[in-house]
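# fold the following for me, if possible:
(one chain, ligands or ions: 1)
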Amino acid sequence: MGYVEEVFAKVKEKNASEPEFLQAVEEVLDTIRPVVEKNEELYRKEALLERLTEPERQIKFRVPWVDDKGQVQVNTGYRIQFNSAIGPYKGGLRFHPSVYVGIVKFLGFEQIFKNSLTGLPIGGGKGGSDFDPKGKSDREVMAFCQSFMTELSKYIGQDEDVPAGDIGVGGREIGYLFGQYKRIKTSYEGVLTGKGLTYGGSLARTEATGYGVLFLTEELLKCNGKDIKDKTVAVSGSGNVAIYAIQKAQQLGAKPVTCSDSTGWIYDPEGIDVELLKEVKEVKRARLTEYAAKRSSAEYHEGKGVWSVKADIALPCATQNELLIDDAKALVANGVIAVVEGANMPTSLDATKYLQENGVLFVPGKASNAGGVATSALEMTQNSERLSWSFEEVESKLKSIMVNIYHNIDDAAKRYGMEGNYVAGANIAGFEKVAEAMLAQGVC
Ligand code: NDP
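Next up, the predicted model:
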C-alpha cells in the first residue's frame, strides 16, 4: 500500500463518523499524490501526512444562554486550530444547526490550503456552533454571542487565532463577539475580522469573497480564450458570498439569472435585481418569496433546482454538497463552460470528476473563494498599522491576489503534467508551502 493510501485508511478509521472531513481529506490526498511520491521516504519518516490530517488542537465547549422567554438554552461551541505552520490560525465561525465536529474539521482542513494559496502568512482554523440565528431576536443573538465568546476568548488572540464570519455569522454577530472579547480581555485588538467600519473593519471585506470569485472567473476565462461579458450565470445561495458574486458578475457584463436559499430558488431571466435581493436578505432577513413578490420577471420555485437552468457559468455559493452528480449532468447537457465554487466543497467528488471529464473548467473553493480570507488578512494588516485603506486600494489588492492564485494553481497543475486540473493545482500549490514550513519547524 502506498503512503497516501495508508494514511487515508488510518484517517478513515479514526474519523469514521465524519463524512465531510473524510471527503475533504480524500480529495486533497488523492491530488497531491505526485508530490508525495516524489518525497515519500522523507514524508513517511516525518509522518508529514499524519500530522497534516490531525488538528493541532480541538476545543469543544458548552454555550448556555437565556432566550426571550427566560428559558435557558444550551448549544455546543467548537474551535479547531488545525495548522499553524505558516501563520496564526485563521478561519471563520459558522452558526448553523448542522454544525458538528466533522463539519468544523472539514472546513478547518480546507482552510489550511486556502490560506496558503493567498500567499499571506495565515494558518488554518475554523469554528462555530449548532446555534441557529434564524428567527432569533437581536437580544437572543447577542446573549448567545456573549456566552460563546466568554469561552472562546481563552484560546484566541491577534497573533494566535483570528476568527471571522461564515454561514450565519455576519456583521451583527461579529460586532457582539468583538464587544465581549474587548470587555473580557480589556484589550482593543484585531482579534476578529469582518468588523464594522467604525471599529477596525476593512472596506471591501463584505464584498471580498463574492468579488474574488468573479475576479478569478474572469482570469480563468481570459486564459482559456473566453470572455465573461454577456455570459449567463447560475448562482446558488443568497447570503454574503452569493450577493456580492452576483453584483460583481453584473459589473463585469455577465447576467446572473438565479439565486436560492434553504427553502427555494429564483429564476429571473431579466437578471437578478441585486439591490432588491440585498433588501430582502441583508435588511429584512426574509425568504426569497418576498423577492418574487416584488419582481414580475422572477419565478419562485420550492426546493432545489438552480442547476437545471441553462447557463454558461455556474457559481455554487450556498453550502457543502449542494451540486451533486445529477446537477453536474444537467449543467453539462445545458452547455456550461465553467463551474467556480464560491462555497466550501459545494460539489461532490463524483460531480467534480464528471465536470472535469466533460471539459468544464472547474475551480475548487479553496482557490476561488480565498478572496474573503485574503481580505481578512488585509484587515489584520490595517489593524496592526492602525490605518484604513480606501475601498479601491483593498479591491485592487484583492484582484491581484485572485489573479495570482489562478496562475499559481494553473502553474502547479502544469508542473505535474495535469494541465487544466485546477483541483490538483490548488491542492498541490497550497500543500507545497505548508509542507516545507512544517518540515523546517521540526516535530511539532
Ligand atoms: P450566509 O449565511 O451569508 O449565506 C448562506 C446562504 O446559503 C444562504 O442563502 C442560505 O439560505 C444558504 N444555505 C445555507 N445552508 C444551506 C443548506 N443546508 N441548504 C441550502 N441552502 C443553504 O453564508 P456565506 O454566504 O458567508 O457562506 C456561503 C458559503 O461560502 C459557505 O460554504 C461558506 O463556508 C463559504 N465561504 C464564505 C466566506 C465568507 O467570507 N463569508 C469565505 C469563504 C467561503 P438561508 O438564507 O435560507 O439561510
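
# please make it C-alpha for all contacts and neighbour counts, starting now.
Will do.

# show me what the helix or strand harbouring Leu29 is packed against.
Assigning secondary structure by DSSP states H and E places Leu29 in helix 19-31. Judged by 3 or more C-alpha pairs under 8 Å, 6 or more residues apart in numbering; DSSP states H and E, the packing partners of helix 19-31 are helix 3-14, helix 101-117, helix 422-440.

# how about the ones you listed, which one is nearest the ligand?
helix 101-117 (7.3 Å; C-alpha to the nearest ligand atom).

# name the helices or strands packed onto that closest one?
helix 19-31, strand 72-83, strand 89-95, strand 123-129, helix 365-368, helix 422-440.

# redo that, cut-off 6 Å
Judged by 3 or more C-alpha pairs under 6 Å, 6 or more residues apart in numbering; DSSP states H and E, helix 101-117 is in contact with helix 19-31, strand 123-129, helix 422-440.

# so is that helix next to the ligand?
No: counting by C-alpha under 6 Å from any ligand atom, the ligand has no neighbours in helix 101-117; the shortest distance is 7.3 Å.

# what's the answer for stretch 367-379, then?
Yes: applying C-alpha under 6 Å from any ligand atom, one finds stretch 367-379 touching the ligand at 369, 372.

# what's in contact with stretch 336-350?
311-324, 360-365, 369 (C-alpha atoms under 6 Å, 6 or more residues apart in numbering).

# next, count neighbours for Lys14.
11 (other C-alpha atoms under 10 Å).

# I'd like the distance between it and Glu26.
Distance, Lys14 to Glu26, using C-alpha to C-alpha, to the nearest Å: 14 Å.

# confidence score at the closest residue to Asn427 other than its chain neighbours?
In space, and not counting its chain neighbours, Asn427 is closest to Val28: 5.9 Å by C-alpha to C-alpha, 6 or more residues apart in numbering. Looking at Val28, its pLDDT stands at 97.

# helices along the stretch 301-444 of the chain, start to end?
325-333, 349-357, 365-368, 371-385, 391-415, 422-440 (DSSP state H, counting those that start in this stretch).

# and the stretch 251-400 of the chain, which residues reach the ligand?
So far as C-alpha under 6 Å from any ligand atom goes, the stretch 251-400 of the chain lies against the ligand at 260-262, 317-320, 342-344, 369, 372.

# can I have the buried ones of these as a PyMOL selection?
Command for PyMOL, covering only those of these found buried under the criterion 16 or more other C-alpha atoms under 10 Å:
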select buried, resi 260+261+317+318+319+320+342+343+344+369+372
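
# re earlier: turn the helices of the stretch 301-444 of the chain into TSV, columns for mean pLDDT.
What follows is the helices of the stretch 301-444 of the chain, written out as TSV (pLDDT from 0 to 100):
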stretch	mean pLDDT
helix 325-333	98
helix 349-357	98
helix 365-368	98
helix 371-385	95
helix 391-415	98
helix 422-440	98
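
# what's the most buried one of these?
Here the criterion is mean neighbour count by mean count of other C-alpha atoms under 10 Å, and of the helices of the stretch 301-444 of the chain the winner is helix 365-368, at a mean of 29.

# what lies in contact with it?
Taking C-alpha under 6 Å, 6+ apart as the rule, helix 365-368 contacts 114, 213, 341-342, 344.

# please apply the same query to stretch 69-80.
Contacts of stretch 69-80 (C-alpha under 6 Å, 6+ apart): 58-66, 125-129.

# quick one: which of these is nearest Asn383?
Gly125 (20.2 Å; C-alpha to C-alpha).

# and that closest one, how far from Tyr188?
For Gly125 relative to Tyr188 (C-alpha to C-alpha), the value is 22 Å.

# over to Leu220?
Distance from Leu220 to Tyr188, by C-alpha to C-alpha: 40 Å.

# how about Asp268: what's its closest non-neighbour residue?
Ala298 (4.3 Å).
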